[in-house]
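*Asks:* kindly return the folded structure for what I paste below:
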Amino acid sequence: LRLLVSGNGPLREEWGPRLRTLSGTSILVETPDVPAEAYPALLASSHLGLCVHRSSSQMDLPMKVVELQAVGVPVLALEDGSPLEEIAPAECGVLRFTTARELAEQLRGVLMRDAAATNLLAQLTEQARRHSTSDWDDRWTQVMTRRLPAAP
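*Replies:* So this is what the prediction gives:
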């Protein structure tokens, strides 16, 4: 399992080294610095995305979901009370979780080496690809236009 942890939040300096210590024989954890122009291609090369965004206001959107949807990658997303349903309607390749146990069950459900996991990941990927847009910038504009007030 190769886990790429992205983001430039205030805790990156603290968590980056700690996450990399999790690397072992079965898992590789990386915290790459990726230029903005290469970021969509990096996401598109993924089999599965994970969004653990927490909204302090419960009003802002988990943009990691938007980014992964734009490139057709299925997502496991933390359901924290933010308006996730606005960008992730039913059958769009997004599974929601609220607890660590639910996340562990979902990861097991898509990553195990058996037919059921393979089928679930394939189903989620198909849903994500049907829901994706052909252009990264178009997806951002589409989502943000719905959130911002109209110009006078």
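
*Asks:* any weak-confidence spans in the chain?
*Replies:* Along the chain, the model assigns pLDDT under 70 to residues 57-60, 117, 133-152.

*Asks:* quick one: the helices in it, in order.
*Replies:* Using DSSP state H, the helices of the chain run over 12-20, 39-44, 63-70, 100-111, 115-131, 136-147.

*Asks:* quick check: which of those helices is nearest to A88?
*Replies:* With C-beta to C-beta as the measure, helix 63-70 is the member of the helices of the chain nearest A88 (5.8 Å). The C-beta positions use only the backbone N, C-alpha and C, and glycine is treated the same way.

*Asks:* mind listing what's buried in the closest one?
*Replies:* 64-70 (16 or more other C-beta atoms under 10 Å).

*Asks:* chain center to that helix, what's the gap?
*Replies:* Put simply, helix 63-70 sits 6 Å off its chain's centre (C-alpha atoms, centre = their mean, to the nearest Å).

*Asks:* what packs against that helix?
*Replies:* For helix 63-70, the elements it packs on are helix 39-44, strand 49-51, strand 75-78, helix 115-131, helix 136-147, judged by 3 or more C-beta pairs under 8 Å, 6 or more residues apart in numbering; DSSP states H and E.

*Asks:* gap between S132 and L42?
*Replies:* Taking C-beta to C-beta, to the nearest Å as the measure, S132 falls 16 Å from L42.

*Asks:* between these two, which one's more packed in?
*Replies:* The neighbour comparison of S132 against L42 (other C-beta atoms under 10 Å) goes to S132, with 19 against 14.

*Asks:* right, and the more buried one touches V66 too?
*Replies:* No. Using C-beta atoms under 8 Å, S132 is not in contact with V66; the gap is 10.6 Å.

*Asks:* so what touches stretch 15-33?
*Replies:* 1-6, 12, 42 (C-beta atoms under 8 Å, 6 or more residues apart in numbering).

*Asks:* swap in stretch 120-135?
*Replies:* Stretch 120-135 is contacted by residues 47-48, 68-75, 91-95, 109-111, 139, 142 when judged by C-beta under 8 Å, 6+ apart.

*Asks:* tell me, how many neighbours does L19 end up with?
*Replies:* Residues lying near L19 (other C-beta under 10 Å) number 15.

*Asks:* likewise for the one 3 residues further on?
*Replies:* L22 is flanked by 11 other residues according to other C-beta under 10 Å.
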